[in-house]
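Enquirer: Structure for the following, please:
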Amino acid sequence: MSLPPPHCPQNYFGDQALLWHSQASDTYKKKVLNKLNEHKPYVIVGARSALFTPLYNLGLIIVDEEHDSSYKESDRQPCYNARDLAIIRAKHSKSLIILGSATPSLETYYNSVVINKYHLYEINERYGDAVLPKVKIIDMNKSTKNSMTSSILSDYLINAINQTINRNEQVLILHNRRGFSSLKICSESDKILKCKDCDVILTFHAQLKQLICHHCNKQYAFQKYTNQDVKFLGYGTEQLETILNELFPNFGVLRMDADSANSMTKQNKILTKFKNKEFHILLGTQMIAKGLDFSNVTLVAVINADLGMLIPDFKAHEKMFHLIYQVIGRSGRSHKLGQAIIQTHQPGNNIIQMATNYESKKFYNLNLESRKALKYPPFVRLIRILIQSQSIDKCIDSANKIYNLLKLDLRDFLIGPLPCPIEKLANQVRYHILIKTPHNKLKLVLKRVRDIQNKKEHLIDKNVKLLIDIDANSVL
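Expert: Numbering: from 1, shown residues only. This next block holds a predicted model:
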């Protein structure tokens, strides 16, 4: 049996540390519940479902990486945020709650720094007196385009990787797009292949020889397009892995994304190999951007920092800032000096500049101004009513009926009904209504939302799905 990692709670609390998550077996969960019924002190470590464990003498709740969007359930009712529910549970149990993050959410920053609702405790030094890494921004518009490799990896980055490996140190490479690439059919239509059931571009996975929709996971055979004139558009971690193996054939490359690490066992296996220095390069998506602590990593690279900047969602810039800021922090976490290299086609972009210059307060203040001007959280409560159906006519009809009920009292707060930015998912047409609710009108709005639920049978067709998301985290 392998030993737990150095920072594992079991190293500090022994048998008093218990795990709770959705992948745990029923037998294990039953053992945990039996221990909790003994009324002895325990530390429960788990995912958002751990919030609902029946503790009788709760004294402390810690929400680590409180900004993480995975705390929010958005796909099914009830649409709750585990971080916000943790605050409520702490209030009712009269226990202390700690929201921890190197990059707090805008809501938490606003509550702690601007209106002093939360007590703020700042750690101004890195663990172990480590020094922040030096950051270099590479303008990919000036990069040579002599080959596919040079258009993806700059000469500066390739040289930096070589130097790092020659010092027997390790490299972390972030590219937040999995798969090999997208495909374009070069013909009169020049169409980019999309999923038939979703308004989403398909991604080619070379190892599987399949085109996969990353929303509904539907797979299409690549073989039917081999006789056509196709062009590969963009690149994912799978293609990057191939390029890195060609450039550094004598040094191992590990890839960690939703394809190569789709279980906790596989994730632990990859991270253990990298920690044991069996491989020099760890390539991955956002899975590697936070929470990892490798003392021998002295170079971090972001291959395309522009990814995600143009997503039509009010939290897009916040997520990109968090991602870049967090992954930079993976470098130089011990006595060794670290560096970070950020490749971008927008070197002057404010988000990239603030993330690489460690200007977090400037970022938060500018984005709070923007949110206030556009009436988004934390200055309003955002409620999203999502209507889905295979029939666009039924979808629109139901959306209009809901809107007509709401507009009687809430006309000034409503946006829609409109097609969602991703209009079709899993063969369902999607329309939504947004309610930007002033804090002093929340009770009235919630009353109207309850009216929708009570009159649901009269408002929507039986083949229409209704999802009401209070404090929505996204409008996609």
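
Enquirer: C-alpha from now on. contacts and neighbour counts both.
Expert: OK.

Enquirer: And the helices in the stretch 301-450 of the chain?
Expert: Listed in chain order, the helices of the stretch 301-450 of the chain (DSSP state H, counting those that start in this stretch) span 316-328, 350-356, 360-374, 392-410, 442-454.

Enquirer: what does the stretch 101-250 of the chain give?
Expert: Assigned by DSSP H, counting those that start in this stretch, the helices in the stretch 101-250 of the chain fall at 106-109, 148-152, 155-166, 237-247.

Enquirer: mean pLDDT for those: which is lowest?
Expert: Least confidently modelled of those is helix 148-152, at a mean of 78 by mean pLDDT.

Enquirer: Just tell me which of the helices of the stretch 101-250 of the chain ends up closest to residue 136.
Expert: Residue 136 lies closest to helix 155-166 among those, at 9.7 Å (Cα to Cα).

Enquirer: CA atoms of the closest one as PDB?
Expert: Taking Å, rounded to 0.1, in the frame of the first residue of the first chain, the C-alpha atoms of helix 155-166 are listed here in PDB:
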ATOM      1  CA  ASP A 155      11.700  29.400 -30.100                       C
ATOM      2  CA  TYR A 156      12.000  31.200 -26.700                       C
ATOM      3  CA  LEU A 157       9.900  28.500 -25.000                       C
ATOM      4  CA  ILE A 158      11.600  25.600 -26.700                       C
ATOM      5  CA  ASN A 159      15.000  26.900 -25.500                       C
ATOM      6  CA  ALA A 160      13.700  27.500 -22.000                       C
ATOM      7  CA  ILE A 161      12.300  23.900 -21.800                       C
ATOM      8  CA  ASN A 162      15.700  22.600 -23.000                       C
ATOM      9  CA  GLN A 163      17.600  24.600 -20.300                       C
ATOM     10  CA  THR A 164      15.200  23.500 -17.600                       C
ATOM     11  CA  ILE A 165      15.500  19.800 -18.500                       C
ATOM     12  CA  ASN A 166      19.300  20.100 -18.700                       C
END
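
Enquirer: Give me the contact list for it.
Expert: Here helix 155-166 makes contact (Cα atoms under 8 Å, 6 or more residues apart in numbering) with 143, 170, 171, 280, 298, 299, 301, 341.

Enquirer: change it to 7 Å
Expert: Under the criterion Cα atoms under 7 Å, 6 or more residues apart in numbering, residues 170, 171, 280, 299, 341 lie in contact with helix 155-166.

Enquirer: cool, and stretch 32-42?
Expert: Outside stretch 32-42, the residues touching it (Cα under 7 Å, 6+ apart) are 16, 17, 18, 55, 56.

Enquirer: picking that back up, how about the helices of the stretch 101-250 of the chain in a markdown table, adding distance to residue 85 and mean neighbour count?
Expert: Shown next, in a markdown table, are the helices of the stretch 101-250 of the chain (distance: least, Cα to Cα, whole Å; neighbours: other Cα atoms under 10 Å):
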| stretch | distance to residue 85 | mean neighbour count |
| --- | --- | --- |
| helix 106-109 | 14 | 19 |
| helix 148-152 | 43 | 15 |
| helix 155-166 | 43 | 16 |
| helix 237-247 | 35 | 18 |
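
Enquirer: circling back: by neighbour count, which of the contacts of stretch 32-42 wins?
Expert: In terms of neighbour count, residue 18 stands highest of those at 20 neighbours, by other Cα atoms under 10 Å.

Enquirer: just how off-centre is the helix or strand harbouring that one within its chain?
Expert: Element membership of residue 18 [criterion: DSSP states H and E] is strand 17-20. Between the centre of strand 17-20 and the centre of its chain there are 24 Å (Cα atoms, centre = their mean, to the nearest Å).

Enquirer: Quick one: list the elements packing against it.
Expert: Here strand 17-20 is seen to pack against strand 43-46 when contacts are counted using 3 or more Cα pairs under 7 Å, 6 or more residues apart in numbering; DSSP states H and E.

Enquirer: circling back to that earlier point, now render the helices of the stretch 301-450 of the chain as JSON lines, adding mean neighbour count.
Expert: Shown next, in JSON lines, are these (neighbours: other Cα atoms under 10 Å):
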{"stretch": "helix 316-328", "mean neighbour count": "21"}
{"stretch": "helix 350-356", "mean neighbour count": "20"}
{"stretch": "helix 360-374", "mean neighbour count": "15"}
{"stretch": "helix 392-410", "mean neighbour count": "18"}
{"stretch": "helix 442-454", "mean neighbour count": "15"}
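
Enquirer: now, which of the contacts of helix 155-166 sits nearest residue 286?
Expert: Ranked by distance to residue 286 (Cα to Cα), those are led by residue 171 at 15.2 Å.

Enquirer: what's near enough to touch the closest one?
Expert: 161, 280, 281, 282, 297, 298, 299, 300.

Enquirer: Please report how far it lies from residue 368.
Expert: For residue 171, the distance to residue 368 (Cα to Cα, to the nearest Å) stands at 35 Å.

Enquirer: Provide a ChimeraX selection command restricted to the buried entries of the contacts of residue 171.
Expert: Buried residues within those, by 16 or more other Cα atoms under 10 Å, are selected in ChimeraX with:
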select :161,280,281,282,297,298,299,300
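
Enquirer: can you tell me which of the contacts of residue 171 are in strands?
Expert: Using DSSP state E, the subset of those located in strands is 281, 282, 297, 298, 299, 300.

Enquirer: Quick check: end-to-end length of stretch 325-338?
Expert: One end of stretch 325-338 to the other measures 14 Å (Cα to Cα).

Enquirer: Contacts for stretch 370-378 next, please.
Expert: Contact with stretch 370-378 is made by 107, 379, 382, 436, as judged by Cα under 7 Å, 6+ apart.

Enquirer: again, 10 Å this time
Expert: 106-111, 314-315, 364-365, 367-369, 379-382, 413, 436-439, 471-473 (Cα atoms under 10 Å, 6 or more residues apart in numbering).

Enquirer: Same check on stretch 311-321?
Expert: 67-69, 103-106, 305-310, 323, 325-326, 350-356, 360, 363-364, 367, 370-371, 374, 376-377, 421-422, 473-476.

Enquirer: Can you lay out the ones in strands among the contacts of residue 171 as CSV showing distance to residue 130?
Expert: CSV is the format used below for the ones in strands among the contacts of residue 171 (distance: Cα to Cα, whole Å):
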residue, distance to residue 130
281, 21
282, 21
297, 12
298, 11
299, 14
300, 15
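
Enquirer: And for the nearest residue to residue 431 once chain neighbours are set aside, the neighbour number?
Expert: Ranked by Cα to Cα, 6 or more residues apart in numbering and with sequence neighbours excluded, the top spatial neighbour of residue 431 is residue 419, at 4.3 Å. Neighbour count for residue 419, taken as other Cα under 10 Å: 18.

Enquirer: Verify the contact between residue 419 and residue 385 for me.
Expert: No. Using Cα atoms under 10 Å, residue 419 is not in contact with residue 385, being 11.7 Å away.

Enquirer: So for those two, which residues contact both of them?
Expert: 431, 432, 433.

Enquirer: Out of the residues you listed, which is nearest to residue 29?
Expert: Nearest member of the shared contacts of residue 419 and residue 385 to residue 29, counting by Cα to Cα, is residue 432, at 38.1 Å.

Enquirer: The residue nearest to the closest one when sequence neighbours are not counted: what's it in contact with?
Expert: Distances taken as Cα to Cα, 6+ apart put residue 386 closest to residue 432, at 4.5 Å, once the chain neighbours are dropped. Counting by Cα under 10 Å, 6+ apart, residue 386 touches 395, 399, 417-420, 430-434, 465-469, 475.
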